[in-house]
Structure formats: structure tokens, C-alpha cells
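Q: please work out how this folds:
(chains A and B)
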2 protein chains.
Amino acid sequence: MTNKWEDNIRKVTPYVPGEQPQGTGIIKLNTNENPYPPSPGVYETFQELDVTRFALYPDPSATELVRGLETYYGLEEGQVFVGVGSDDVLSLAFLTFFNSDKPILFPDVTYSFYPVWADVYRIPYECPALDEDFRIRAEDYKKENGGIVIANPNAPTSLGMKRSELEEIIRSNPDVIVIIDEAYVDFGGETVLPLLDTYENLLVVRTYSKSRSLAGMRIGFAMGNRRLIQAMTDVKESINSYTMTTASIRIGAASLRDEDYFQERLKQVVATRKWTKAELEKRGFEVLDSRTNFLFAKKPGVSGQEIFEKLRREKIFVRHFNGERIKDYLRITVGTDEQMISLFDALDKIL
Amino acid sequence: MTNKWEDNIRKVTPYVPGEQPQGTGIIKLNTNENPYPPSPGVYETFQELDVTRFALYPDPSATELVRGLETYYGLEEGQVFVGVGSDDVLSLAFLTFFNSDKPILFPDVTYSFYPVWADVYRIPYECPALDEDFRIRAEDYKKENGGIVIANPNAPTSLGMKRSELEEIIRSNPDVIVIIDEAYVDFGGETVLPLLDTYENLLVVRTYSKSRSLAGMRIGFAMGNRRLIQAMTDVKESINSYTMTTASIRIGAASLRDEDYFQERLKQVVATRKWTKAELEKRGFEVLDSRTNFLFAKKPGVSGQEIFEKLRREKIFVRHFNGERIKDYLRITVGTDEQMISLFDALDKIL
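A: The predicted structure follows:
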């Protein structure tokens, strides 16, 4: 049975997130979460939260969190926008800045939410191909366009781009907004933050979900000049005045105050990544040079789908994508050393 | 200085929420929050939350909360959609269902976010006028349209509509989605929930921010048939896979389990509302027949703006709107008896 109201329903092809299996004994290496807990200050602040205050609306400007981020990154007041994870922030940036008839540009292999946002907001787009080594070529982003979004480091490839290459893209496109999605940059990417003062068309987006171990509390943010942040705020205030819960505002701010813990955990992830890469290579895997908290790897002669499914039976969840260029690869989150040992045990059993 | 990228920024006129003053000694009767704390089970569940799990993404389907609501309202699986407050839910419903060239309809005096969402998503709209008594006339909603949204009880008027009148509107518009925004219904409105089985074009939206004392944790929800809920879910999954924090999912579900506490607090608000209305009338105010947790009142001969400003100087915040038809009125949240006594003391001083 079809109804006339069906005609007016927005047609979309939703993003498919990695599974969130809820059972026990599962090793979850499929959505690039951090294997370490949030910082001690997060626990403390959480315990101190006054549940009685939850009856009131949160601060719509999330002032404590926003000011905390501005201070942490040495920015001025009005240069930070916060949202419900970086997906909320990126989606809102698409809606705010990409209102041109010209196509926006992003790589053919990148975060698979970009084409979904473009579709839902009816933004035309083109996808320059990565080169043979899965690298983004700056020269592909010098044609006419309505905006650019680049993940650096890129996902799922894990590869980083040099700041100078990104600067070339930003400088060549003064008439459009260039979004650099730095979701994974804390794990070893080269940030473009120092370019914020020079290029007013630059927006940098980050998340608490990876490096800050707070995926469950949904905190993402954008940094840019005041005009861009104000434009995003205006659009956000046209959709939902209060997006950040009182709890997320408070513990997001608390996380910024534990710098030593943060740096230590990052180092640990990077060390485990290095060791995991070597172990995978010992087992005949080709592994890209990761600047993230995951590894992008393939085993020549064995299909990615096959390894993915066999690992799944061992209760080890990694990510597999069906895209033509990447279907042989697996995206494996860097977990704890113990989790990686379980991965290797399973791989040795399977292969 | 203007830049070419300015041309592509989405032009909006944001919603202006009520102030969220952060000082002490303030009596906040301006954003219709509940003066009572969340239920005992909310406190308990909050204390039991495992901060370590915040490192993981939340359940993207918010299963515990969704199933809890389905059970609470006697619905089937797949009939509830949850979001970051009812603003998130309503905004998403506009984006999902209102994709017609025909104008959507909502009253000229109602929740002032409706025209803002229509504008941001470029949905044409028309606003039939309330009658002289600020009532919605069902017959105004029988013309050709691309969808309908009606707040019942309506804000800021506080007036409720009969279910039979709303049914007339829903039945007369089988080709479009009719959204009934029941943000305030728990305080004495007549819900259209019993009509869900009969009309597949009906979507009912509610919030935890008013009756459940959880504005700070951002929980809203929609109820409808599975096809409508699936359509909203698809659009949501095209914007942000994980909107609800782990904490909000857990305490939202907990709130539903304290039914006695919930009913008791509702009764208390209704009792204070009745008494407050009488006290205002004693002081020469005209007060509409509220079915909500606020009162819409004017004092003939004194401007709403004037009383608003004078109360503000006494640190009592109420809401005043500039719309031509309602500029003489104040919207006063029903607080605790103590808060209302402070309001009367201030009014007696001012007037």
C-alpha cells in the first residue's frame, strides 16, 4: 500500500555505522573508540554533577566547554563551536556553508558520511580519486567547486597529509569554505590549526570520541574565525537551541584539564599501533602508514570480507568496507596490547 | 569586508530561546522547566553509570529508552523515535515529512520554532489566525497543504484542544503528515495517542524537558506507525548515527519506572497552577485556561513589556513575546508554591 504522504518523505541512503555488539567477551576493534578510560578528572566531575539541576535546560552556549576549548587551543572567544559529536558539527557545517550550485569536493575514498550529508542536504558533489598509494593529491582540489572537505588523517586509509599540502588547497580556494576533519589528528597527524590566523575560509573539526575516550557522551567541535563560528551558531539556533547535555558540557570541560593523562594515553596507543603494524606485517599483511588510532591492512590473496567474517565468529569485530578500491582491506582499531594479542591469536587460527 | 564565501552561507533567522541566567537568587519562570527534581530512580541510575563505558559509542538505537517508551505507552516495537529534546525530533520531522511545494500549516500564535524550522529547511508555510479567544479552529486546516503541525496544548497560549477537534483535522488530511506537538500534554491536555491506530498520517511528539524534570539531559520522542518512525530514523542516520548520550539513554529509561512520583509531581504543578491563576485574577490579571505548566496572563492597562522588565529587576524571569497579538501578555511558568509567593510579592511591589 502506498500513500500520498509517502511522496513527500525525504529520500535518503543512510550512513551505516559500525556494529555496536552488546554481548560479553567481545573485542571491539570496529569503530575506532579508545581502549582506555576517560581521564581521572572526568570521573571526579561526573560524581560531582548535581542531578537536581538536570531539571533545568543546559547552558545553550555550553560556555564552560567552549571557553575551555578556546583556552586549550589558544584561540579567542567566539572561535569554537560545539556539537553532539563531530558528525553533528560536520553535518551542520555542510548545511551552513555548502549552499552553492557548484559541486563540493572530497576524495573518492574517505569518511563515508560525506556523501550522505551531501545527499540529505541536496548538495552536489564530486570525488577526485586518491592516487595509487591512497594519497590525496592537492592539485585535484584546484578546480571550480562549492566547498571542500578533507579528513586529515584520512579514514579509512589512516594516511596523513602534510600541512603544506593542505595549505596549498586552502590558499587556492579563497572563495569557498575548506573543512579539515581532524578526528584522528591527535594520534600523529599534522594539524592545520596554525593556519587559522591566515585563512578565514578554514574550518577545523575535531571530536572527543577517539583521543579523549568520550564517544558515549557525544562531543565534537569546530574551530575557525568568528564569522564562520557565528554562522554555524545561527544555523544551530535555527534547529535546536540546546544540543549539549549538562553532563556532556561539564565532563567535556573536565577532560581538557588532565593534559598529562591525555598525552600518556596517546603515546600508549601510538606504541601499540607500531607494534601491531609490525606483527601484522610478520603475518604477511600490507599495512598503510597510520597516523590514526586504526590500521588499514590487507593480506594479499585473502579477501577482506573473508577475514572479517572469520574474526567475527571469534567475537572480534573489525571494519570492512565494500567499496571497489578498498574491499581487500580491513580497518582495525588499535586497542590495548591484550586486545591485539587476542586479534593475533585469532588471525593465526584463521589464516 | 565581504567575501565570496559569504554568499554560500545559509541565511537564517534563529529562534530566540528564553534567557538562561546563571546567577544566584534568581527565580526562573521563563522556560517552562519543572520546579521539582527528577525522580528518585533517575538519581539512582545516574550514580550507577559506569564512566569507563563512556569511552564507547552509545547504542545508536537507544534501545533501552525506546523500548521503555514503547512499553510505557503500550505501543509496538518500532513505534518510537528518540532525539536530543523535542526540538531535535520536531526539526527532523519537518525535514523528513515536509517535502512538498504546498505550504505547511500552523497557527499564527504558537511555538515560535515552527517558522524557524520551515525557513531553515526552505519549507513554504501559512499561518491561519487563532480566533479572538486564542483558539485553533479546525476548519482552518482543511485547505490544501503540505503538512500540519499543531501544539496541543498550544504555547504560549496554554489552551488545550479537544481530541475530537484534532481528529477532524487529522482525518481531513490523509495525504499529509499531521504532527501533534504534545510537549505540555501531561499537565492536563487531551492526548491524541489513542488515534495512532486509526490514522497512519499522525505523528505525536513529546519531551522530557517539562513533565519529567530532565531538560538538562535533552530527551524528546515521537510516536507513530512504523513507516513514519523508520523514515525519521533513516534521515537521522543520514545526519548523526549517535545522537543520544549513554547517560541520557539510561536515565531517560529510569524516569519511566517511577510512575507514582511522576503523577504526584504533575498533581502538585496542576494545584499550584490553579492557585496561581486565582491569585493573579485577584490582582486584576486576565488569565487563560491553562492545560500546561505555565500561565498566559495580561493585566489590562499595563504593558507586558513593562511588567516583564520590572520583574526582571527583582530577579524574577518570566517570558514576554513581541508578537502583535500577544505583546500585552506574559508567559509565567508554574514553579513551586514558594516561587509563586515571591512572584506575587514582587507583583504587589511593582503594580
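Q: quick one: average pLDDT of the longest helix along chain A?
A: The helix of greatest length in chain A, counted in residues with DSSP state H as the criterion, is given as helix A:259-282. On average, the pLDDT along helix A:259-282 is 98.
Q: distance between that helix and the chain's centre?
A: The chain centroid and the centroid of helix A:259-282 are separated by 18 Å under CA atoms, centre = their mean, to the nearest Å.
Q: same question, stretch A:298-312
A: Counting by CA atoms, centre = their mean, stretch A:298-312 is centred 24 Å from the centre of its parent chain.
Q: surely A:Leu311 touches A:Ala346?
A: Yes: the pair A:Leu311 and A:Ala346 passes the contact test of CB atoms under 8 Å, sitting 5.8 Å apart. Quick note: C-beta positions are derived from backbone N, CA and C, even for glycine.
Q: which one of the two is surrounded by more residues?
A: Between A:Leu311 and A:Ala346, counted using other CB atoms under 10 Å in any protein chain shown, the more crowded position is A:Leu311 (23 against 19).
Q: tell me the SS of the nearest residue to A:Arg137 once chain neighbours are set aside?
A: The shortest distance from A:Arg137 to any non-neighbouring residue, by CB to CB, 6 or more residues apart in numbering or on different chains, is to A:Asp131 (5.6 Å). Under the three-state scheme (DSSP: H, G, I helix; E, B strand; the rest coil), the conformation of A:Asp131 reads as coil.
Q: next, count neighbours for A:Asp131.
A: Under the criterion other CB under 10 Å, the count of neighbours that A:Asp131 has is 10.
Q: for A:Leu159, see how far away it is.
A: When distance is defined by CB to CB, to the nearest Å, A:Asp131 is 11 Å away from A:Leu159.
Q: now swap in A:Lys11 and tell me
A: Distance check for A:Lys11 against A:Leu159: by CB to CB, it reads 34 Å.
Q: comparing these two, which residue is more hemmed in?
A: Residue environment comparison for A:Lys11 versus A:Leu159 gives the larger neighbour count to A:Leu159, 22 against 11, counting by other CB under 10 Å.
Q: tell me the residues on the stretch 101-250 of chain A that lie near chain B, please.
A: Where proximity means CB under 8 Å from any CB of the partner chain, the interface of the stretch 101-250 of chain A facing chain B comprises A:116-117, A:119-120, A:146-147, A:174-177, A:200-201, A:209, A:213-218, A:227, A:231, A:233-235, A:237-248.
Q: if any of these are buried, give me the PyMOL selection for them.
A: What follows is the PyMOL syntax for the buried subset of these, where burial is set by 16 or more other CB atoms under 10 Å in any protein chain shown:
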select buried, chain A and resi 116+117+119+120+146+147+175+176+177+200+201+209+213+214+215+216+217+218+231+233+234+235+237+238+239+240+241+242+243+244+245+246+247+248
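Q: let's see which of the residues of the stretch 101-250 of chain A next to chain B end up in helices.
A: A:Val116, A:Trp117, A:Asp119, A:Val120, A:Arg227, A:Ala231, A:Thr233, A:Asp234, A:Val235, A:Thr246, A:Ala247, A:Ser248.
Q: nearest residue to the fourth one in space, please, no chain neighbours.
A: Right, the one you point to is A:Val120. Closest residue in space to A:Val120, ignoring its immediate chain neighbours: B:Ser238 at 4.2 Å, by CB to CB, 6+ apart.
Q: ok, that neighbour - contacts?
A: By CB atoms under 8 Å, 6 or more residues apart in numbering or on different chains, B:Ser238 lies in contact with A:Val12, A:Thr13, A:Pro14, A:Tyr15, A:Val116, A:Trp117, A:Asp119, A:Val120.
Q: make JSON lines from those residues and add pLDDT to it.
A: Output for the contacts of B:Ser238, formatted as JSON lines (pLDDT from 0 to 100):
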{"residue": "A:Val12", "pLDDT": "92"}
{"residue": "A:Thr13", "pLDDT": "89"}
{"residue": "A:Pro14", "pLDDT": "87"}
{"residue": "A:Tyr15", "pLDDT": "87"}
{"residue": "A:Val116", "pLDDT": "96"}
{"residue": "A:Trp117", "pLDDT": "97"}
{"residue": "A:Asp119", "pLDDT": "96"}
{"residue": "A:Val120", "pLDDT": "95"}
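Q: can I get those in TSV with distance to A:Thr276?
A: Rendered in TSV, the data for the contacts of B:Ser238 read as follows (distance: CB to CB, whole Å):
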residue	distance to A:Thr276
A:Val12	36
A:Thr13	33
A:Pro14	31
A:Tyr15	27
A:Val116	30
A:Trp117	32
A:Asp119	35
A:Val120	36
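Q: out of everything not next to it in sequence, what's closest to A:Asp289?
A: The spatial neighbour of A:Asp289 that comes closest, neighbours along the chain excluded (CB to CB, 6+ apart), is A:Leu159 at 6.4 Å.
Q: helix, strand or coil for that neighbour?
A: A:Leu159 carries the three-state label coil when classified by three-state DSSP.
Q: need the contact partners of the longest helix of chain A.
A: Under the contact criterion CB under 8 Å, 6+ apart, helix A:259-282 has outside partners A:34-36, A:39-41, A:186-188, A:211-213, A:255, A:287, A:290, A:293, A:295, A:297, A:332, A:334-337, A:340, A:343-344.
Q: which of those residues are buried?
A: A:34-36, A:39, A:41, A:186-188, A:211-213, A:255, A:287, A:290, A:293, A:295, A:297, A:332, A:334-335, A:340, A:343.
Q: my read: A:Lys299 touches A:Ile332, true?
A: No: A:Lys299 lies out of contact with A:Ile332 (CB under 8 Å); the separation is 11.7 Å.
Q: roughly how far is stretch A:30-43 from the heart of the chain?
A: For stretch A:30-43 - counting by CA atoms, centre = their mean - the centre lies 15 Å from the chain centre.
Q: next one: it, is it in contact with chain B?
A: Yes: remark: stretch A:30-43 sits within contact range of chain B at A:Thr31, A:Glu33, A:Asn34, A:Pro35, A:Tyr36, A:Pro37, A:Pro38, A:Val42, A:Tyr43, by CB under 8 Å from any CB.
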